[in-house]
Every structure is written in structure tokens, then in C-alpha cells.
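[1] fold the following for me, if possible:
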Amino acid sequence: MNSRLAAASAPIRLFRNPKSGHCHRVELMLALLDIPYETVDLDMANGAHKAPDFLKISPFGQVPAIEDNGVFLSDSNAILVYLTQRYDGEQRFMPSDALAAAEVQRWLSVAAGEIAAGPCTARLVTVFGAPFNHEQAIARAHALFDVMESHLEQRHYLVGERLTLADIAAYSYIAHAPEGGASLSPYPNIRAWLARIEAEPGFVGMATSPVLA
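    Numbers count the residues shown, from 1 in each chain. Next comes the predicted model:
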């Protein structure tokens, strides 16, 4: 255990919805870093994420959020960066090289952009009944998958040849895209990439929902 990890005096609390890919990417990061944590599942159907006490933690009323020994933080990608900066003493997941670090940031932007608008939104419709254009979201998902399939043709991970924040931010909604009706069958490189992540020591999966594709 590195010294930065040893500094944690209590388990990190992860406020989440267990079927949220945004929450899962944080849980996956915690697990891969071997950081003690406990989950707090919010009853979002009844507005627990909009309760005044939770809004003090996450002002926009969104999950995930974490409490780390008096530090409160929300937004999944921000939490990923925080966890690596504080606890990844070996810099396993955030490269120090300027170009590689910029490429990781680009994929964090994809996670907040194309992934959110494509496979995430399609799954919001089927799993949570969200009122979005399902066909449009599936089309966006496949446009994203086409780019990723080509990108992964001659590399094992999204940035270079090792697992980084880029892969962790992208994994959850890609892996669970079939639950939203976006099939991964035409994309062998993406499926192999997912399998490599799932083979990582400490990997933890996300709660599943019925597959539509």
C-alpha cells in the first residue's frame, strides 16, 4: 500500500445509483486503486438527490459524489482525477507525458460528450424511462463505436498500451450499451478492449439490466 493511500483514515463514501455508469466509473477507479470505500445508494426515484443535505455535497443534485475524510466532491470525471492525484502514487492511470495526458483529457471529454449523448442516453431511455430520442441516441452510439473500433485496431487501450483514466471513464456505458439497444456484436476490437479491462486485478462490475441488443 503506498503512503498516499495509507493517509486515508476512513473509507471513502460513494453516493450513487447502482445502475448509473457515471457512478460505476468512480467505483471502478476506487476498486482498481484498492482504496477502502463504502457505497451509499440514494433513493433517486423519491428525490433523495434533491434533498437539502445532499445538495450541500453535490450542488447540482447529481450522482456520483464522494466524501473523503471531510472532502466532498461531485462529477464523475472530476472525482477520477482527484482519486488519481491523491492516491495513485505510482501514476498508473494518469500519464505524466504531456501528449499522453492530453489524450486522456480528450477521452474524458468524449465520456462527457459522445458517450453521454450516445450509449448513455440510449440506456437512460430503456433502463430508466427517460424521455429522449432513442433512435437518435442509438445512431450516435454506433457513430462513436465506429471511431473507437478503428482507434483500437492497433492498440490495446485508448491511450497507449496501458490502462488509464480514459479507459475507466469510457468503460461503463460502452460495456452496458446493449442494455440500451446498441449492439456491440459488430465491434470485435471494442469487445476485446472491454475484456482486457474486466481482466484487471480488482475489477468490479456494474449492476446489470436486461439486454435489448
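[2] any weak-confidence spans in this protein?
    Along the chain, segments meeting pLDDT under 70 span 1-8, 213.
[3] what's the offset of the helix ranked longest in it from the middle of its chain?
    Criterion DSSP state H: the longest helix present in the chain is helix 134-151. Here the centre of mass of C-alpha atoms in helix 134-151, compared against the chain's by Cα atoms, centre = their mean, to the nearest Å, lies 17 Å away.
[4] which outside residues touch the helix or strand just after that helix?
    The C-terminal neighbour of helix 134-151 among helices and strands, as given by DSSP states H and E, is helix 165-175. Contacting residues not belonging to helix 165-175 are listed as 21-22, 24-25, 28-29, 32, 76-77, 80-81, 84, 93-94, 103-104, 106-108, 110-111, 115-116, 119-120, 123, 145, 148, 157-159, 184, 190, 193-194, 197-198, 206 [Cβ atoms under 8 Å, 6 or more residues apart in numbering]. Backbone N, C-alpha and C define where each C-beta goes, glycine included.
[5] point to the residue nearest the middle of the protein.
    The chain has residue 25 as the residue nearest its centroid, 2.6 Å off, counting by Cα atoms, centre = their mean.
[6] isn't that one up against residue 80?
    Yes. Under the criterion of Cβ atoms under 8 Å, residue 25 makes contact with residue 80 at 6.7 Å.
[7] ok but the residue nearest to the centre of the chain is inside a helix, no?
    Yes. Residue 25: assigned to a helix according to DSSP: H, G, I helix; E, B strand; the rest coil.
[8] mind listing what it touches?
    Residues near residue 25 by Cβ under 8 Å, 6+ apart: 76, 80, 111, 168, 169, 171, 172.
[9] just the terminal-to-terminal distance for stretch 103-116.
    18 Å (Cα to Cα, to the nearest Å).
[10] how about it: buried residues?
    103, 104, 105, 107, 108, 110, 111, 112, 114, 115, 116 (16 or more other Cβ atoms under 10 Å).
[11] so what touches it?
    25, 76-77, 80, 94-95, 140, 143-144, 158-160, 164-167, 169-170, 173-174.
[12] hmm, back to that, the buried residues of stretch 103-116 in strands, which ones?
    Of the positions in those, not one sits in strands, assigned by DSSP state E.
[13] ok so, going back, PyMOL command to pick out the buried ones of the contacts of stretch 103-116?
    The following PyMOL line selects those of those that are buried, judged by 16+ other Cβ under 10 Å:
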select buried, resi 25+76+77+80+94+95+140+144+158+159+160+164+165+166+167+169+170+173+174
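[14] quick one, domains of the protein?
    Domain assignment for the chain by automatic domain parsing gives 3-87, 98-198.
[15] which one of those lies nearest to residue 212?
    Residue 212 lies closest to domain 98-198 among the domains of the chain, at 4.2 Å (Cβ to Cβ).
[16] what packs against the helix or strand harbouring residue 54?
    Applying DSSP H and E as the criterion places residue 54 in helix 52-57. Secondary-structure packing of helix 52-57 (3 or more Cβ pairs under 8 Å, 6 or more residues apart in numbering; DSSP states H and E): strand 65-68, strand 71-74.
[17] at 10 Å instead, please
    Applying 3 or more Cβ pairs under 10 Å, 6 or more residues apart in numbering; DSSP states H and E, one finds that helix 52-57 makes contact with strand 12-16, strand 65-68, strand 71-74.
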